[in-house]
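1. Here is my input, please return the structure:
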Amino acid sequence: MAAYTIMRFFITVNIAFASISRASNTGILPTHDIHRFRNGTWLENLTIRRTGEILVTLLNTPELVQIDPFRPDAPPVHIATIPGVTGLLGIVEMPSDVYYFIAGNYSIQMERTINGSYSIWRIDMRESVVRDASIHPPPIVTKVTDIPSAIFLDGMAILNESKDLVVVGDAGKGVVVTVNVKTGASSITIDEPTMNPAGPLQVGINGLKIRGDYLYYTTSGQGLFSRILINKDDGTSAGPAEIIAENLQFPDDMDFDPSGNAYICENAFSIVSKVTPDGVVTIAAGSDKSTAVSGATSARFGRTSKDSHVLYVTTSGGIGANSTVEGGKVAAIYT
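-> Numbers count the residues shown, from 1 in each chain. Here you go, the predicted model:
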């Protein structure tokens, strides 16, 4: 996710935010900090292991770390550092305990992406065990492929596990790229106006999720949450795009509850919104004057019987958001 510190951007956002008509927001959910990092740390994305631990990608440094939500006093465990890049972005699990993620060069300080610097990586943690704040044996880390045509790869979702396919959003171009993680082959498969970059920072499609036969996605610069029918054999579209909600404030990544409600991180205003299947938007947690989910970037529901109702959120710590700056963190929202 880009850093939103351009003053003219905030002027635009403040005007838009003031004009939003949302449903009653009386149901703000309780939140709790799981772990907060030092100031200047930008947590970009997360996935939940089947045993409940949280894997987090960092954007300000090319590190993958693990947080144990059941042991919040335990320090983060360093899992891997990727050479030759400045940060990590979207991450998915496919199959169990094998993860694919995006690496690339985005400067938070300069607010600039380096075209052609993005790649897809694989980390195999099936034989690795975390003990005493370290992991043994070290997981197997390999580069899958470079995507030299990419401007700013950001979100990732599993398209078809049996065919080794994932989809990746290029927020700089406003397109979907389908990648075969076994062969490394990649191609642009969806180029749709609701995904196009817009706004002062020219950021397009951001968060991605496959649910049923649809690709759900946010478009940050346009403030949209949309869906499109997708062919799971090749990643091409199978119908027109449908806008579910608009006037969102730089929507980032999201997750769904069992009823089909989407919980969307609105990074610029440090909130997580709940969007019903018919497009009703309410604020679930946070506010532009709170650090509860300051600079929310990504969200996932827990996977165990103890926390399936808990939505874990990563944050930028408010870097560039309209709130007090703190260290990026993992927070829990109790739905």
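
2. can we go C-alpha only for contacts and neighbour counts from here?
-> Fine.

3. can you give me the strands in the stretch 151-300 of the chain?
-> For the stretch 151-300 of the chain, the strands defined by DSSP state E, counting those that start in this stretch occupy 153-160, 165-170, 175-180, 186-191, 205-211, 214-219, 224-230, 237-245, 251-256, 262-266, 271-275, 281-286, 296-301.

4. For this protein, give me the ranges with low pLDDT.
-> Along the chain, segments meeting pLDDT under 70 span 1-27, 110, 322-323.

5. Looking at it, name the residue that lies furthest from the middle.
-> residue 132 (28.7 Å; C-alpha atoms, centre = their mean).

6. Go through the strands of the stretch 151-300 of the chain and name the closest to residue 74.
-> Shortest distance between residue 74 and the strands of the stretch 151-300 of the chain, using C-alpha to C-alpha, is found for strand 296-301: 20.5 Å.

7. then the helix or strand immediately after the closest one in the chain to CSV, C-alphas only?
-> Moving toward the C-terminus from strand 296-301, the next helix or strand (DSSP states H and E) is strand 310-315. Coordinates of the C-alpha atoms in strand 310-315 are reproduced here as CSV (Å, rounded to 0.1, in the frame of the first residue of the first chain):
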residue,chain,number,x,y,z
VAL,A,310,-11.6,-12.4,15.8
LEU,A,311,-10.5,-10.2,12.9
TYR,A,312,-6.8,-9.6,12.9
VAL,A,313,-5.7,-6.3,11.4
THR,A,314,-2.2,-5.1,10.4
THR,A,315,-1.5,-1.3,10.4
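
8. Name every strand pairing with the next helix or strand after strand 310-315 and say which way it goes.
-> Per DSSP H and E, strand 310-315 leads on to strand 329-334 as the next helix or strand towards the C-terminus. Strands that pair with strand 329-334, judged by DSSP bridges, come out as strand 31-36 (antiparallel), strand 310-315 (antiparallel).

9. residues touching residue 217, list them.
-> Residue 217 sits next to 205, 206, 207, 208, 209, 225, 226, 227 when contact means C-alpha atoms under 8 Å, 6 or more residues apart in numbering.

10. I'd like to know which of the strands paired with strand 329-334 lies nearest to residue 88.
-> Per C-alpha to C-alpha, nearest to residue 88 of the strands paired with strand 329-334: strand 310-315, 13.4 Å.

11. Sort out which residues of stretch 71-78 are buried, please.
-> Of all the residues in stretch 71-78, those buried under the rule 16 or more other C-alpha atoms under 10 Å are 76, 77, 78.

12. Narrow these to those in strands?
-> Judged by DSSP state E, strands contain the following of the buried residues of stretch 71-78: 77, 78.

13. if I look at residue 162, how far off is residue 254?
-> From residue 162 over to residue 254 the distance is 24 Å, taken as C-alpha to C-alpha, to the nearest Å.

14. More neighbours: which of those two?
-> residue 254 (27 against 9; other C-alpha atoms under 10 Å).

15. What distance do you get for that one to residue 105?
-> Counting by C-alpha to C-alpha, the separation of residue 254 from residue 105 is 23 Å.
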